[in-house]
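Q: A predicted structure for the sequence below; I have some questions about it.
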Amino acid sequence: MESLEETFKALAIARRVHPSEPTYILDVALQSSPSSAALVAVSCSNRAVRLHQRETLGLQAEFKGHTGPLCGVRFGHASPALLYSGSADGTLRCWDTRLTGAHAAQVFRSDPAHAFCSFDVSRSGVVLCAGTERVGEDSFLVFWDSRKPEGLLGVYSESHSDDITAVRFHPRVADRLASGSTDGLVNVFDVSQGGEEDALITTCNSDSSAAAICWAGVDGEQLLCLTHDEGLHLWDVGRPDSDDPLTLLSANDARMLLPLPDDTCQSTTPDDASPLDYFVGGAWLEEAGQLLVVGGARRGGLRLLDCSAQGLRVIGSMPDGHSATVRCFTWEPEGGALLTGGEDGQLLQWKAGATELQGGKRDVLKSSSALQLKARTHRTHHSKRNNTQHTHT
């Protein structure tokens, strides 16, 4: 862990990609290939998916076809050449990164009323799951067989009552799925059990609107939830039948868990005096046995945090680089690189001791679709489930 933390402390910008037009970067995914030609995918606010070469960040291809805002990108685990993207247009699209054609290799749909705001691909690569926005009084988890474009496997409709903002398959257990919603609930399912009621293993309550979830822990027995109002919750979901409390760490405003900082990430302007304004997301670092949480300041500075049951601890600060809110990140363990993207449209590659090979920091570029991307006022609803047997707070 010490060597990785030393790496984090020494991170500096190695490369950056400037946008050619005012476009936010919303999500980033890394191809699981040891090849030097491995790819990085980013989803953009102009509804395009861009492919970059992992090492140089050179643009390799751009895929267009979605007609609504994108909700993420994922490479296939079993077939890394396949790239999936999800959208509020009600489709998941599968792109073959070996081909440069403009058309998706497969398109997955469900009910025409469904608008997707999250999705994921199972570890086996066989099952796809997407979470919908609320439709009337309902919201849905939709499942497909990835081998069949028309292979709709089923729908869960009773476990959430508002937009399903996060869907994550377990990194090792193929049938384990977690979902988070603006209704405040985070559910864990065993999707091999068939019916929704039988599949639900446990429910945790974030008491707010779930923004992101992440599997963590040496055996993947923990679940991290970050909320839209900067709350943080870490639960032990590996023993749902235990009488022990599930909550390992809980804070309605996790920014308060950090000590008063130095000036490394602090702006000189009064309206941006906070050293940590928001959380970007979390990632379990297998090689270090460590849960990484990334937070940011409005002006673009970043902080790398170690998260555990003992709280949050700063393990790295990057005050310069982005000029606006950072939306996404991914850690590349093979090359020891951190990739970040945000509302300034820039894709940055950070490496220990690096010297930037390209131009410097840019001012924020306002996207023409910025209004569509502003967080909606999140509604608060009670779960449609009244079965307290599975509910833990």
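A: That came in fine, so what should we check first?

Q: Can you give me the neighbour number for the residue nearest to residue 139 when sequence neighbours are not counted?
A: Closest residue to residue 139 apart from its sequence neighbours, by C-beta to C-beta, 6 or more residues apart in numbering: residue 160 at 4.9 Å. (C-beta placed from N, C-alpha, C; glycine too.) Around residue 160 there are 31 other residues, counting by other C-beta atoms under 10 Å.

Q: Please, which helix or strand holds residue 281?
A: Here residue 281 sits within strand 278-285, counting by DSSP states H and E.

Q: Show me what that strand is packed against.
A: On a contact count with 3 or more C-beta pairs under 8 Å, 6 or more residues apart in numbering; DSSP states H and E, strand 278-285 meets strand 210-216, strand 222-227, strand 290-296, strand 326-332.

Q: Dump it to PDB, keeping only the CA atoms.
A: This file holds the C-alpha atoms of strand 278-285, laid out as PDB (Å, rounded to 0.1, in the frame of the first residue of the first chain):
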ATOM      1  CA  TYR A 278     -18.000  17.100  -4.300                       C
ATOM      2  CA  PHE A 279     -17.200  13.400  -4.800                       C
ATOM      3  CA  VAL A 280     -16.500  12.000  -8.200                       C
ATOM      4  CA  GLY A 281     -16.700   8.300  -7.400                       C
ATOM      5  CA  GLY A 282     -15.000   5.300  -5.900                       C
ATOM      6  CA  ALA A 283     -12.900   2.300  -7.000                       C
ATOM      7  CA  TRP A 284     -11.600  -0.800  -5.300                       C
ATOM      8  CA  LEU A 285      -7.900  -1.100  -6.000                       C
END
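
Q: Given it, what are its sheet partners and their directions?
A: Note on strand 278-285: by DSSP bridges, its sheet partners are strand 290-296 (antiparallel).

Q: what's the longest helix in the chain?
A: The residue-count maximum for a helix in the chain (DSSP state H) belongs to helix 2-9.

Q: Could I get the buried residue list for that one?
A: Buried residues in helix 2-9, defined by neighbour count with 16 or more other C-beta atoms under 10 Å: 4-5, 7-8.

Q: for stretch 337-354, same thing?
A: 337-352.

Q: any chance you could map the helices in the stretch 251-393 of the chain?
A: In the stretch 251-393 of the chain, the helices defined using DSSP state H, counting those that start in this stretch lie at 370-373.

Q: wait, is residue 230 part of a helix?
A: No. Counting by DSSP: H, G, I helix; E, B strand; the rest coil, residue 230 is not found in a helix; it is coil.

Q: measure the nearest residue to residue 172 once chain neighbours are set aside to residue 296 for me?
A: Distances taken as C-beta to C-beta, 6+ apart place residue 220 nearest to residue 172, at 5.6 Å, with adjacent residues excluded. Per C-beta to C-beta, to the nearest Å, residue 220 is found 26 Å from residue 296.

Q: Which one's more surrounded, those two?
A: Between residue 220 and residue 296, residue 296 has the larger neighbour count (other C-beta under 10 Å), namely 25 against 17.

Q: show me the contacts for that one.
A: 276-280, 302-303, 322, 325-326 (C-beta atoms under 8 Å, 6 or more residues apart in numbering).

Q: out of those residues, who has the most neighbours?
A: Compared across the contacts of residue 296, residue 322 has the highest neighbour count, 28 neighbours, by other C-beta under 10 Å.

Q: Got the confidence number for that one?
A: Residue 322 carries a pLDDT value of 94.

Q: Quick one: the helices and strands packed on strand 278-285 as CSV, columns for distance to residue 31 and mean pLDDT too.
A: Shown next, in CSV, are the helices and strands packed on strand 278-285 (distance: least, C-beta to C-beta, whole Å; pLDDT from 0 to 100):
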stretch, distance to residue 31, mean pLDDT
strand 210-216, 20, 98
strand 222-227, 24, 98
strand 290-296, 20, 97
strand 326-332, 10, 96
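
Q: Arrange these in CSV, one row each, with distance to residue 257 as further columns.
A: Output for those, formatted as CSV (distance: least, C-beta to C-beta, whole Å):
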stretch, distance to residue 257
strand 210-216, 16
strand 222-227, 13
strand 290-296, 10
strand 326-332, 20
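
Q: Would you mind giving the secondary structure of the residue nearest to residue 172?
A: Judged by three-state DSSP, the three-state class of residue 220 is coil.

Q: So it sits against residue 168, correct?
A: No. Counting by C-beta atoms under 8 Å, residue 168 is not a contact partner of residue 220; they are 10.7 Å apart.
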